[in-house]
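Chemist: Any chance you can model this:
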Amino acid sequence: MQRKFIFNLLFLIGLNLLIKPLWIIGVDRVVQIRLGFESYGVFYALLNVSYLFNMLLDLGIQNYNVRKVTAEKTSLTQLLPNILVLKLLFSGLYCIITLAAGFVFGFKSPQLEWLLLLALNQCLIFLISYLRSNLAALQFYVLDSLLSVADKFIMLFGVGLLLYYTPFMPLLSIQNFILIQTFSLLITALAAWFAVYRYTEKFRFQSNSNQVLQILKATLPYALLSFLMTLYFRVDSILINYFSGSTENGIYAAAYRLLDMSIMFSYLFATLLLPMFAKLLADKQSVRALTSISSRLLLPLSTLIPISFWFYRNELFQLLYHHEDAYAAMVMGIVMLAFPFISTLYIYGTLLTANGSIKWLNQVAFATAVINIGLNVLLIPRYQSAGAAVAAVIAHAFIAAFNTRKAFTMFNFSLHRKDWLGLAVYLPGSILLFYMGKISALNWLLALSLSILTAILLLFLCGLLPLKKGQAFIQELLSKKQAA
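Modeler: Predicted coordinates for the structure are as follows:
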């Protein structure tokens, strides 16, 4: 049983680390290079418009569903048809509102047609996410892991043909790029549906209006949270496109792509933590050990990526995008500074979500959205995408700090003196290591690799990577589950 759980955990992380970086670096990045920063900037702006109202596609249903199905597995059969009806109704409403928003923002044909396809893709993404949440709640982690990368796996082949197979290269366009994503998501959605259908008891596609309204009422606060988080995560690209144009937005997209890829690892933690936190809280067990282990594994490591990108921003940008651009590299370096704060949010925000602290989460998310929009309106006209990058870092730092403080207060968490001492040594020490590597005469790739390795060693020496305690905790958790 222990080996099976550990295998599932490693399988989830390994599969995502294999497929999704290949998509982001090997396909999505190359599409931007081939089509140009200006054309991709238009696509990126449309993509972020499609994000704006996607809370209508979730309505907080995924978090609500995980909590319900984790606590009572038989509730899946009752919830499934009612939630599907809700998703169908609100998907139509979402598409109408998204197209209207595109029109208001000044997009015209064929951009509005692309936006409709992107809206359809969002509908499929959220349907897949909901269906996967059932599998995670039922603890079918391998199946959930496979579905988490299935669409990207299909896209790798489809878009890869347009990029690397000479007879198909002339077919590369924004529209075909989106259409391949639509096809991949449709196949994955069908696979997810059949996977979930297997675990329902006497499923019938019959909804109960009272139950639908009850679910809607229970999930509306989560829908508001989803909207507010999407707003402060994605509004910057739309404002850059409005104030500074599509070329500048293309620069920001190039920078943000690396942050998105980094966030993927933290998001994997969150997808595992949410059902586990929900289960512990439902059983009235302490979440202290799980929170401690996850934060001590993820957060120190999350500092290595932004430090690496800051010191070697010019070299990494040239390596990724095949040309020198000190300004774009600076934007990338600034954006990556948000990563530790986002990682922090994925741990403590997930804990507060599992606890049902939705009122607090909405209040802090609203304040963050106001701060982020205000800073973007103030900074973008003067500093363009660099201003948006600064606004993103400040906004993520704000929401991470307040949610972490709330979690510490609510669950009586505390940092031991040795943790403070370890952080006090590690943070300046790692910065010094990267600085020494940067000014050395070594090849930059070798210097970067050595800096990362020595920084990881410093993590161990400072006691910030307690792998033995983590393994012991997992074994204890499994033995309790097996005994139950």
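
Chemist: Poorly predicted segments of this protein, please.
Modeler: Scanning the chain for pLDDT under 70 picks out 1-10, 12-13, 71, 201-208, 465-484.

Chemist: Buried residues, stretch 95-111. List them.
Modeler: Across stretch 95-111, burial judged by 16 or more other Cβ atoms under 10 Å covers Cys95, Thr98, Leu99, Ala101, Gly102, Phe105, Phe107, Gln111. Heads up, the C-betas are built off the backbone N, CA and C, glycines and all.

Chemist: Please apply the same query to stretch 272-282.
Modeler: Quick answer for stretch 272-282 (16+ other Cβ under 10 Å): Leu272, Leu273, Leu274, Pro275, Met276, Phe277, Ala278, Lys279, Leu280, Leu281.

Chemist: Quick check: which element contains Gly106?
Modeler: Following DSSP states H and E, there is no helix or strand that holds Gly106.

Chemist: Surely Phe413 and Thr291 touch.
Modeler: Yes: counting by Cβ atoms under 8 Å, Thr291 is a contact partner of Phe413 at 6.8 Å.

Chemist: overlap in contacts of the two?
Modeler: Residues touching both Phe413 and Thr291 (Cβ atoms under 8 Å, 6 or more residues apart in numbering): Ala407.

Chemist: Which of the two has more residues huddled nearby?
Modeler: Between Phe413 and Thr291, counted using other Cβ atoms under 10 Å, the more crowded position is Thr291 (21 against 17).

Chemist: Just read off the phi/psi values of that one.
Modeler: Dihedral angles of Thr291 (phi, psi; degrees, to the nearest 10) stand at phi -60, psi -40.

Chemist: looking at it, it is touching Leu351, isn't it?
Modeler: Yes: Thr291 is within contact range of Leu351, at 6.1 Å (criterion: Cβ under 8 Å).

Chemist: Mind listing the shared neighbours of those two?
Modeler: Common contacts of Thr291 and Leu351 (Cβ under 8 Å, 6+ apart): Ala407, Phe411.

Chemist: Kindly indicate which of the buried residues of stretch 95-111 lies nearest Asp260.
Modeler: Of all the buried residues of stretch 95-111, Asp260 sits closest to Thr98, with 20.6 Å by Cβ to Cβ.

Chemist: and the closest one, what is it in contact with?
Modeler: With Cβ under 8 Å, 6+ apart, Thr98 has these contacts: Val49, Ser50, Leu52, Phe53, Leu115, Leu116, Ala119, Gln122.

Chemist: any idea how far it lies from Leu46?
Modeler: Distance of Thr98 to Leu46, computed by Cβ to Cβ, to the nearest Å: 10 Å.

Chemist: which neighbours do those two share?
Modeler: Residues touching both Thr98 and Leu46 (Cβ under 8 Å, 6+ apart): Leu115.

Chemist: ok, and Val66, which helix or strand is that part of?
Modeler: With DSSP H and E as criterion, Val66 is part of helix 61-71.

Chemist: brain fart, Ile154
Modeler: Using DSSP H and E, Ile154 falls in helix 141-164.

Chemist: Repeat that for Ile97.
Modeler: For Ile97, the enclosing helix or strand under DSSP H and E is helix 75-104.
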